[in-house]
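Undergrad: Quick one: sequence plus predicted model below, questions after.
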Amino acid sequence: MKRRDLLRHIGLWALAAPILSATSRTARAAGSVRRLVVIFTPNGPQHVDGPSEGTEHDFALHPWWAPLEPYRDRGFFFRRVHQAGVRFGENSEYGHRSGTVGALTATTTGPTGTTATGPSIDQFIGQQLEQSGVITPKRSMLFSLQDKAAAFYEAAGQPAVPIVDPYEALADIAPAFGGDNAEIIAALTRKEFALGRIGADCNRLRGELDGTGREMLDFHCDNVASLRAGVQASLEGGAGCEAPSDDPIGAPSETSWLGREQRDVTMDAFTRLIPLAFACDITRVIGLSIGSGASRFSLPEAYGVPSSDPVDSGDSGPQMHAWTHRSANDPGTLDALQTFHHWFCTKVVGVLDALASSLDVDGRPLLDSTVVLWTSEFGSGGPHSNDNVPVMLFGDSDGQWVSGRHFEIEGNREERSLPLHALFVSLARHMGLDSVDTFGNAGAGPLDWLEG
């Protein structure tokens with residue numbers, strides 16, 4: 001990596017020494033660290049049910065999800081799931097509103113508005129870990145291939161903004177490469193002091209407000225406290241994190257990260273950063289949005305997705321949303337959507353490969369301690385269907401779960417949404433949050449089925 005690029009994107013962190021102190025935090029030394037990756041993809045398959053079909057142990061992946069075959073035995077494949085959080089009987093709760101905001105929050109809005117009424121599972125787990133005393137420099141890290149609204153929420157009505165430039169993400173990781181540098185320590189100390197003063201001001205103002213004003217102030221103060229805790233964690237050092245021997249981004253800093261032709265480059269850069277962030281214990285939770293809600297997501301021209309004629313949404317061209325508004329009987333529709341899903345699958349496999357080939361501080365693959373959730377905005381049954389959402393889970397939670405299984409969910413829509421609520425609880429339990437028993441606006445308890 002060129003020095004000027006480091007200085008531009010990482011600033012002071014570029015002065016860091018190549019290797020951080022090998023001192024491990026107590027939790028890492030005890031081997032109790034767990035991680036979570038949450039992946040969101042837009043628009044859904046629309047016209048096919050997936051991702052698998054068969055019995056619990058004797059099942060096959062649908063052709064659209066065939067690229068996941070190398071991780072079939074390490075996965076859990078859910079079929080006929082209904083989107084979590086939908087308030088049944090209210091027509092306004094369907095479509096992109098519940099698909100985008102409900103996919104990870106298991107909550108949806110009332111009759112108006114398009115925002116979540118609770119945090120997404122990634123932010124919820126990060127917040128709960130922090131409250132339980134697990135402090136990392138970043139409570140969570142969020143990446144996205146588009147700069148539109150994603151599915152991540154810090155709280156009701158508070159979207160969490162993901163990073164779209166991999167060099168910005170690297171800047172959050174880079175302090176771990178040189179924690180004994182005097183200039184870095186001085187800068188972090190100044191930042192910690194400033195956040196402490198802001199936090200003190202927050203606390204003084206708490207008694208002067210009530211109602212909505214108090215709620216807004218509390219939210220702000222909590223975020224300031226989180227930032228300060230992260231800086232303090234950086235000052236305390238990491239856990240044997242080595243600086244990469246070459247550029248972990250693999251692309252010029254001037255790359256147009258949001259451009260259609262750069263999809264592979266951007267995705268591959270974030271893929272390389274995920275295990276680096278985990279190995280350096282920068283965070284325990286990472287969210288990745290491969291396209292935002294109602295996404296006009298296009299692949300590079302080389303993938304051969306043709307242009308759609310104008311559809312009822314007003315869209316046209318090679319982007320995914322236009323093709324999801326076309327009938328399955330229209331020429332090219334199924335081929336175009338399969339191309340998108342094959343691309344999604346290969347990128348998820350890339351994330352799994354990166355975790356499987358990267359070692360934790362104890363010498364084991366990171367995938368042993370990491371669970372990867374992949375869910376989507378929509379399922380099948382036509383445009384804007386919240387039914388038959390393809391949900392997949394990879395990783396066995398350090399041997400606690402029995403993987404390589406297919407789950408065909410039965411019942412009405414309400415009954416088929418409850419396992420997804422329970423799945424979110426299981427993700428919290430995987431992360432060591434054993435007191436969590438509910439998530440979203442329905443259901444209780446973990447999904448015991450995961451344990452075999």
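TA: Arrived safely. Numbering: from 1, shown residues only.
Undergrad: Check what contacts the host helix or strand of Pro419 and list those residues.
TA: With elements taken from DSSP states H and E, the one containing Pro419 is helix 413-430. Identification of contacts with helix 413-430 by C-beta atoms under 8 Å, 6 or more residues apart in numbering yields 34, 36, 78, 80-86, 88, 106, 121, 124-125, 128, 371, 373, 387, 389, 391, 393, 397, 400, 407, 409-410, 436-440, 442-447, 449-450. Where C-beta positions appear, they are placed from N, C-alpha and C, glycine not excepted.
Undergrad: repeat for stretch 351-366
TA: Contacts of stretch 351-366 from elsewhere in the structure, counted by C-beta under 8 Å, 6+ apart, are 24, 28, 31, 33, 35, 37, 39, 71, 74, 239-240, 271-272, 274-276, 278-279, 288, 367-370, 372, 394.
Undergrad: ok, of those residues, which come out buried?
TA: Neighbour counting over the contacts of stretch 351-366 (16 or more other C-beta atoms under 10 Å) leaves 24, 28, 33, 35, 37, 39, 71, 74, 239-240, 271-272, 274-276, 278-279, 288, 367-370, 372, 394 as the buried ones.
Undergrad: now the residue of the chain most remote from its centre: how far from Asp222?
TA: Seen from the C-alpha centroid of the chain, the residue lying at the greatest distance (C-alpha atoms, centre = their mean) is Glu208, 37.1 Å away. In this view, Glu208 and Asp222 are 17 Å apart by C-beta to C-beta, to the nearest Å.
Undergrad: what does Ala302 give?
TA: Applying C-beta to C-beta, the value for Ala302 to Asp222 is 45 Å.
Undergrad: Those two: which has the busier surroundings?
TA: Relative neighbour count places Asp222 above the other of Ala302 and Asp222, with 17 against 8, counting by other C-beta atoms under 10 Å.
Undergrad: Give the helix, strand or coil label for that one.
TA: Classification of Asp222 using DSSP: H, G, I helix; E, B strand; the rest coil returns helix.
Undergrad: So Phe143 sits against Ile163, correct?
TA: Yes. Judged on C-beta atoms under 8 Å, Phe143 makes contact with Ile163 at a distance of 5.5 Å.
Undergrad: Would you state the helices of the protein in chain order?
TA: Counting by DSSP state H, the chain forms helices over residues 3-10, 26-29, 96-105, 121-131, 166-173, 182-206, 211-236, 263-279, 320-324, 333-357, 413-430, given from the N-terminal end onward.
Undergrad: helices or strands up against the fifth one?
TA: Packing partners of helix 166-173 (3 or more C-beta pairs under 8 Å, 6 or more residues apart in numbering; DSSP states H and E): helix 3-10, strand 141-144, helix 263-279.
Undergrad: what is the rounded mean pLDDT of that helix?
TA: Mean pLDDT, helix 166-173: 89.
Undergrad: ditto for the fourth one
TA: For helix 121-131, the mean pLDDT works out to 95.
Undergrad: in that helix, what counts as buried?
TA: Buried positions in helix 121-131, judged by neighbour count with 16+ other C-beta under 10 Å: Ile121, Asp122, Gln123, Phe124, Ile125, Gly126, Gln127, Gln128, Leu129, Glu130.
Undergrad: Thanks again, I'm all set now.
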